[in-house]
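In: this is a predicted model, with the sequence first.
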Amino acid sequence: MNIKVKLILLILAYNVDGWVWQCEQNNNCVRTEKSPNYTYPSINTCRLACGSFRSLWPQPTGKVALSQELELIDIRDLQIVINAQGDAVQYLDKVSDYFKELLNMEKTNCDIEAKKLKIVLISTSSDVNLLWKTDESYSLKIETDNEIKATITGPTVFGVRHGLETLSQLVTKYKISEQKSCLVTLKNGKINDTPAYAHRGLLIDTARNYQSLSTIKRHIDGMASSKMNVLHWHITDSQSFPLVSTRIPNMSNYGAYSEKQTYSPEDVKDLMDYALIRGVRVILELDAPAHVGSGWEWGPEAGLGNLGVCIHQQPWRSYCIQPPCGQLNPMNPNVYKVLELLYQDFVDLNPNADMFHMGGDEVFIPCWNSTNEITDSLKDRSEKAFLDLWASFQQKALDKYDKVRNNHKTNLILWTSHLTNPAYIESYLPKDRYIIQTWVPQEDELPKELLKLGYKLIISTKNKWYLDHGFWGTTPYYNWRAVYNNIILRGEGVLGGEVCMWGELVDNQNVLQRTWPRAAAAAERLWSDPSTTSEQAENRFFTHRDRLLFRGINAEAVVPKWCSQNEGKCNSYLP
Amino acid sequence: MRGHFCPWKRRERMKQGELRRALLVATLLCVFLFVYLYWQQTADETPHLLYTYKHLYVPFRSAPAEQAPQWTWQCINQRCERQRIKSDVGDVASLATCSMLCGSTQLWPQPTGPVTLGSKAVTFNHRLLDFYSKTTGPANELLLAAFSIVNDSISGLVQNSDYIHQKTDITKFKIIVSILDATTVKLKLNTDESYTITLKPHGTELVGNITAKTFFGARHGLETLSQLIWWDEYHEGGTLKILKGATVQDNPMFAYRGLMVDTARNFMSMESLKRTIVGMASVKLNVFHWHVSDSQSFPLVLPNLPQLAKHGAYAPDLVYKPEEVKEMVEFAKVRGVRVIIEVDTPAHAGNGWTFGQDEGLGELAVCVNERPWSLYCGEPPCGQLNPDNPNVYDVLEKLYKDLISLTDENEIFHMGGDEVNLECWAQHLQKNSNYYNYTDLHDLWGDFTLKALNRLTAANGGKKVPHVIVWSSNLSKRPYITKYLDKENVVVQSWGASQWPDTPDLVSDGYKIIVSHVDAWYLDCGFGRWRETGDAACDPYRPWQTVYNHRPWQQLHLNKKQVMGGEVCLWSEQLEEGSLDPRLWPRAAAFAERVWTDPQLDMSTYTILEDVYTRLNTQRDRLVSKGIAAEALWPGWCKQNPGMCL
C-alpha cells in the first residue's frame, strides 16, 4: 500500500459528509457508517480497488492483473503519445480527444501532490476501416514510478481504442473533501483482452418513429462505453422513409413524416464518422421487398407504374401484419432500376462497407396474392410460386447491388424468413453471399441448422434480445439479467449478435431509457461470453449503469439505489 | 338585443289613454332597463385587470428554416386524412388545425357537461392576452398565479417568436374569470371544482368567460381553455390559433384523483417532481401522493427530525429540504394539486431510523438491513418500527407535526400501514416479555396503529384529522379492521388485485376507499424481477388501454358513494428520474380521464373508441410541449393517419 495514498484515504475521506465504502472479503463494496477500517469515499473508488474485474464492463477475456493500490492523477499534466503510421495517427488523435472529454466530465480541482499520467498508444496497422474481420484485441499496461505510465498496444487502431476505453473505466473521481477532488487510477495493472464475437450490435429503428441525431449519438456513446461495434440502422419501413436519397428525392418527399424528420446524406456521414471514432460501424438496412410503403407511392405519377402494392391499403389486417401495409412490386422492372439508384446512394454513404443489410423480413403473401398485376403473370398461386417470386426478386436486387459495387462481393445480411427455411434456403440464397440474421426464440433449432448448412449467422434471440417486447401484445419484458444470460450459439460461422430496439412505441422521449442499460448487458455477453451469470456481474453492471448515466446516456435504474450502494445485500441468501 | 324585455304583447287589451300611459311607462321601463343593462354590461367589460402579457417571459425561438411542408390534412367524415401537397397553390392545413376542427373535442379529460365548439379558428398572438378577475378576496392571489401559468403555457406553444409581427384575426383576447366563493383557498374533498366556459367574439375582440364556484374550478377552466389553443405551423411561418367560440360545462366525477410517486427506492429531483405536477395539472389530477421514505432511504429533511435524513439519505445532496417542500406545496396548489406526504410506518421503515441508539432513544426500528431479508420483509433491505419502544411514538408525533406543517394539509393524512411482516416483530420481541401478551401479533400491529392515530391527533393540535388513509393490508381485513380502524375516520387505499375480495369487502363493511388496483393502476409493473431470486412481483406492464379501461365501481358493483376516487402508483425500484416522465405519461393521463370523466365502459368488448386515441394522442403532444417526456402511443404514421391503425 502506498503510504501517501493510504493516508489520504484514511484521513481525508473522513472529512467527507455522508457514507464511506468498504471492500468486503467477498469483493462487495458496502456502505458503512464511518468505521476505523480502510474505507473509500465513494462507491466508484471502492469499485476501482475491489474484485478481480473492478468496474470494467465488459469484463476482459484475457489475463487480468490489477493492483489494489491507487494513485492520484494530476490531470493538468496529461500526455498522450501516439505511436502509429498513416491514417492511424489522425484516428488515434481523435480517440485521444474523446478520452480527454470523458476524463473532463469528472469535474475535479486537484491541486495537491499527484502524479502525471502518460499514455502511449501503439497501433501496428495503419488501417482505419472497421470491418467484420478487424482484429479488436489490445493489451493495457499501467506502471507507476515518478509518473503513471499507461501503454496500450493493439494490432489495429480499434483495439487501441478499446484499450483506451478500458483505461477510462479505471479512472474515477476521488473526493478528498467537500470541495476538493482529484482523479485516481490504479498504480499497476495489466490486461489482455479480445472479443469473443466479432459482431456486437444494436439495432435502432427510425422508421416507426423518428429519432433525432443527438439521440442516435447517445446510442453510439453507450455502445462505445460497452465496446459494441455495430449500429444496425433500420432506417426505413412501411411507415416512413426518412433517408434523403440524392438520386431519388421522391423517396423522402413522399415518405418522411415531415420535411424536418429526415436524415440527409451529410447527417448520415457525420454519424458514421462520430461512430467510427467510438469503434462503431454503421450498417444501413434497406428492408425489401416487404416493410416498404411510405416513400414508394410516386411510381404511377412518374410513369413508372406501381413500384409498391397494397400501400396503405385498408383493412390492413388483410394485407400486412402491422399498419400501414405495403410491399414492393416484383413484376415491375422499374422497381429494380429504382433499387439500383438507391443502392448507389447507400454505397456513396459508406464506399468501404463490407456488409449491407437487405432486409428480407416478413413478406406477407396475401398482399401479393391479392394483386392482379402480380398473380396474372404467376403460373400458380401455390406457396412455392410466391417463394420463387420472392427469391427471384432477391436475386435481381442482389445483381443490382453487385453492379453498383462493381462485383465487390459485399456480404449481404437477410433476416430469417420463409426463404431461409433450412429445407430450401440453399436453392434460394448462396451461402457465400448471405449472412443470415436469425430472430427466432432461444429454444428454436434454426440457427444451429443454418450453421450446419454453412451459413454465417448474426443472432438476435427474439425472446431475450428484442428490447421492444413487454409493451405490446402478450410479449414479456426481458430485464438485464435475461439479456445477459442469453448464451448464443458458438461456432466459427457465428459472427455475433444484435439486440433489437424496434421503434413502434419509442421515440426521442424514451428510447434511450428502454435501450440502456440492457443493451450493455448484451455487450458483455458478446464481448466476454462469460461462463458466469448475471448474479456475478451485478456489482460491475450497477456501476456501469451509473457510468452510462454519467456519460449522458439516459440509462434506466435496475435496482433501488440501496442495492447498488450495498453490493450483494439484496441477494436473498447470506454471504 | 335587450328589447324583448318590453311588454308589447299586452297592448291589444288596453284602451287609448291607458295605452298612452302604458306606452310611456313601458318606454320609461325600457329606457331604464336599457340603461341598467348597459351599465351592467359596462361593469362586465371592466373587471379588475389582473394580468397582461407584459409580465411574461417568452423564450426566443427563431423561425424554422424555410422548407415546404409535405402534407396537408382534410377533414373527411370526422377524420383528418393526410394528403400530399401537390403544388404551392390551394389551402393547406396542418394536422393540429385539422384535428381541432374535425369531429373530436381534442380536450383531455373530456368534460362531463355539455360542450359546444365553434367550427372556425382565429389567429392571435400571446401579446393580445389580457386576464381579468371579477373576484376580490383571498382567491385572487391564487388566480393571479394561475393566470401567469396559463399564460406561460400558451406562450410555450410558440415555435417562432417572429410571429408577433403578423396580422391577427382578433385585436384582443380577454379572459375573464369569476369566482363566486373567493374565500376558498385550500383544496378539500368537498371543494367544488366545476366550471363553465363561454368563449365568443365581441367585434374584433375574443372574450373567454370562465365562471367557477372556487379558484380550483376556475383553474381547471383555464386549463380547458388553453386546450382550445394550438400552434399552427403552416400559417405563414406559424401562429397561435384558437377556436372562435366555445361553451363548456364541466365537473369531475370523483373528488380524489391521485398520483403516487416513490422517491425512496430511487431519488427523484425536486425538478422532476414539479414536472410531474405540471403534468397532473394538465389533466386535472388533484392529489400528489408523495411516498417519500421507505426502508431503503429517508430523503426528507424534517425541521424537527433532521436525523432521519442524515442517517437515511443516499447522499447528503440527495435530500428534500423543508423550504423546497414548502415551495413545492405552493407550486402544486396554484395548479390545483394538493400534496400529501406519506412516511410509511410501521413497516417499510429502516434506514434513517437508526439514529435512536446514538441519542439514547433505544432501537426505534428493528430488523434493519437484516438478512436473509426474505425472512423479515418483502424486499430488501428490511426494517420495521419497534412497537415496544415508547420513544417511537414521541418521534412519530414530532414527525406528524412536521408533515402537517410542511404540507399545510390536515384534512387528509396518509399513515402508510403497508405490508407489516409479523415475523420480524416475532423474532425481535421474543427477547422481550411484552411479546407474550399477544397471542396474535395482528393485535400488536393494531395497538401500534391506535397509538399512532392518537399521536396524529395530538400533532394536529388535538383535533382529529378527518380522513386518515392507510394501505389495504391484513389489518384492513376482517376481523381486525372493525377493531382497529374507525370507518368514520379511516380511508383504505385498496391496492390488491381487482379480483381479490378486499375492495368489495371494504365497501360492504362501510369503509371509504381509494382504488389503486395493482392489476390496472400500478404503473411500475412489467419490468421483470429486479433481484436475483423471487417473483416478478407484478408483471406484465399495464398499457394505457388497461389503465383506461379499468372501471372498478362498475366491474365490482361498488357503491360509488364510498369510492373517494382513485390513484395511480409509481414505485421506483426500477426507475430513476430519467424514466419518470415516460413511465407516468401518457398512462396517468388515461387514468385522469377515468376519474374525472368516468366514461362508459363496454364490458363485453372493452373497445376503446377512435376518438379516445385521437384525443389522447393530442394530449401526449401537449405534455411533450410542456417539457414532459411522455411516451409515444404508436408509430408516427398512426398519428398522422387518424383511425388507420385501429
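Out: Ah, there it is. The structure presented is a predicted model; accordingly, all values stated were derived computationally and were not measured. Numbers count the residues shown, from 1 in each chain, chains lettered A, B, ... in the order given.
In: ok so residue B:210 is a strand residue?
Out: Yes: Residue B:210: assigned to a strand according to DSSP: H, G, I helix; E, B strand; the rest coil.
In: skipping adjacent residues, who's closest to it in space?
Out: residue B:221 (3.8 Å; C-beta to C-beta, 6 or more residues apart in numbering or on different chains). Placement of C-beta: from N, CA and C, glycine included.
In: the one you found: neighbouring residues, count only.
Out: 27 (other C-beta atoms under 10 Å in any protein chain shown).
In: quick check: it is in a strand.
Out: No: using three-state DSSP, the assignment for residue B:221 is helix, not a strand.
In: isn't it up against residue B:198?
Out: No: Residue B:221 lies out of contact with residue B:198 (C-beta atoms under 8 Å); the separation is 10.3 Å.
In: the helices in the stretch 301-450 of chain A, which residues?
Out: Using DSSP state H, counting those that start in this stretch, the helices of the stretch 301-450 of chain A run over A:333-349, A:365-369, A:372-375, A:383-404, A:425-428, A:446-453.
In: packing partners of the longest one?
Out: Contact analysis of helix A:383-404 by 3 or more C-beta pairs under 8 Å, 6 or more residues apart in numbering or on different chains; DSSP states H and E lists helix A:333-349, strand A:355-359, helix A:365-369, strand A:411-415, helix A:425-428 as its packing neighbours.
In: the fourth one to helix A:383-404, inter-axis angle?
Out: In other words, strand A:411-415. Strand A:411-415 runs at 150 degrees relative to helix A:383-404, counting by axes from the mean of the first three to the mean of the last three C-alpha atoms, to 10 degrees.
In: again, but for the first one
Out: Between helix A:333-349 and helix A:383-404, the angle comes out at 40 degrees (the same axes, to 10 degrees).
In: the closest residue to chain B within the stretch 351-500 of chain A - how many residues pack around it?
Out: Nearest residue of the stretch 351-500 of chain A to chain B (C-beta to the nearest C-beta) works out as residue A:479 at 3.4 Å. Counted by other C-beta under 10 Å, the residues lying close to residue A:479 total 21.
In: with residue A:297 instead?
Out: Neighbours of residue A:297 (other C-beta under 10 Å): 18.
In: quick one, strands of the stretch 101-250 of chain B?
Out: Along the stretch 101-250 of chain B, counting by DSSP state E, counting those that start in this stretch, strands occupy B:115-117, B:121-124, B:129-133, B:172-179, B:195-202, B:205-212, B:229-232, B:239-243, B:246-250.
In: now render the ones you listed as JSON lines, adding mean pLDDT and mean neighbour count.
Out: Shown next, in JSON lines, are these (pLDDT from 0 to 100; neighbours: other C-beta atoms under 10 Å in any protein chain shown):
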{"stretch": "strand B:115-117", "mean pLDDT": "97", "mean neighbour count": "15"}
{"stretch": "strand B:121-124", "mean pLDDT": "97", "mean neighbour count": "20"}
{"stretch": "strand B:129-133", "mean pLDDT": "96", "mean neighbour count": "23"}
{"stretch": "strand B:172-179", "mean pLDDT": "97", "mean neighbour count": "23"}
{"stretch": "strand B:195-202", "mean pLDDT": "98", "mean neighbour count": "19"}
{"stretch": "strand B:205-212", "mean pLDDT": "98", "mean neighbour count": "22"}
{"stretch": "strand B:229-232", "mean pLDDT": "97", "mean neighbour count": "22"}
{"stretch": "strand B:239-243", "mean pLDDT": "97", "mean neighbour count": "24"}
{"stretch": "strand B:246-250", "mean pLDDT": "98", "mean neighbour count": "20"}
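In: including distance to residue B:330, could those go into a markdown table?
Out: Formatted as a markdown table, the strands of the stretch 101-250 of chain B follow (distance: least, C-beta to C-beta, whole Å):
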| stretch | distance to residue B:330 |
| --- | --- |
| strand B:115-117 | 32 |
| strand B:121-124 | 31 |
| strand B:129-133 | 19 |
| strand B:172-179 | 19 |
| strand B:195-202 | 22 |
| strand B:205-212 | 20 |
| strand B:229-232 | 26 |
| strand B:239-243 | 29 |
| strand B:246-250 | 25 |
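In: list just the one of the ones you listed that sits closest to residue A:201.
Out: Nearest of the strands of the stretch 101-250 of chain B to residue A:201, taken as C-beta to C-beta: strand B:229-232 at 39.1 Å.
In: is the closest one up against chain A anywhere?
Out: No: counting by C-beta under 8 Å from any C-beta of the partner chain, chain A has no neighbours in strand B:229-232; the shortest distance is 14.0 Å.
In: at the contact with chain A, which residues of the stretch 351-500 of chain B appear?
Out: B:351, B:369, B:371-374, B:380-381.
In: dump the residue contacts of the residue nearest the centre of chain B.
Out: Nearest residue to the geometric centre of chain B (C-alpha atoms, centre = their mean): residue B:285, 1.7 Å. Counting by C-beta atoms under 8 Å, 6 or more residues apart in numbering or on different chains, residue B:285 makes contact with B:257-259, B:337, B:588, B:591-592, B:595.
In: helices of the stretch 351-500 of chain B, residue ranges please.
Out: Using DSSP H, counting those that start in this stretch, the helices of the stretch 351-500 of chain B run over B:390-407, B:422-429, B:441-459, B:480-484.
In: how long is stretch A:348-363 from one end to the other?
Out: Using C-alpha to C-alpha, to the nearest Å, one end of stretch A:348-363 lies 28 Å from the other.
In: what of stretch A:125-140?
Out: End-to-end distance for stretch A:125-140, by C-alpha to C-alpha: 17 Å.
In: in the chain, which segments are predicted with low confidence?
Out: I went with chain A, as the question did not name one. For chain A, the stretches with pLDDT under 70 are A:1-17, A:35-36, A:573-575.
In: that's the other chain; I wanted chain B
Out: Low-confidence segments of chain B (pLDDT under 70): B:1-20, B:22-23, B:25-46, B:52-67, B:88-89, B:433-435, B:532-537.
In: where do the domain boundaries of it fall?
Out: Per the record, chain B has its domains at B:3-45, B:48-250, B:256-608, by automatic domain parsing.
In: ranking those by burial, who's on top?
Out: domain B:256-608 (a mean of 20; mean count of other C-beta atoms under 10 Å in any protein chain shown).
In: enumerate the residues of the stretch 101-250 of chain A near chain B.
Out: A:208-210, A:238-240.
In: may I ask which of those has the most neighbours?
Out: Greatest neighbour count in these, by other C-beta under 10 Å, goes to residue A:239: 32 neighbours.
In: ok, back up a step: columns distance to residue A:115 on top of the helices of the stretch 351-500 of chain B, output as a markdown table?
Out: Below are those laid out as a markdown table (distance: least, C-beta to C-beta, whole Å):
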| stretch | distance to residue A:115 |
| --- | --- |
| helix B:390-407 | 49 |
| helix B:422-429 | 50 |
| helix B:441-459 | 57 |
| helix B:480-484 | 65 |
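In: could I get the full set of strands for the stretch 101-250 of chain A?
Out: Under the criterion DSSP E, counting those that start in this stretch, the stretch 101-250 of chain A carries strands at the ranges A:115-123, A:138-144, A:148-154, A:172-175, A:181-186, A:189-193, A:199-205, A:230-234.
In: mean neighbour count, those: which tops it?
Out: Most buried of these by mean neighbour count (mean count of other C-beta under 10 Å) is strand A:199-205; its value is a mean of 27.
In: and that one, what does it pack onto?
Out: helix A:213-225, strand A:230-234, strand A:494-501, helix A:511-515, helix A:518-527.
In: paired strands for it, with orientation please.
Out: strand A:230-234 (parallel), strand A:494-501 (parallel) (DSSP bridges).
In: now the first one, how far from the centre of its chain.
Out: A distance of 8 Å separates the C-alpha centroid of strand A:230-234 from that of its chain, computed with C-alpha atoms, centre = their mean, to the nearest Å.
In: list the contacts of it.
Out: Strand A:230-234 is touched from outside by A:199-207, A:216, A:219-220, A:223, A:275, A:280-285, A:287, A:357, A:496, A:498, A:502-503, with contacts defined as C-beta under 8 Å, 6+ apart.
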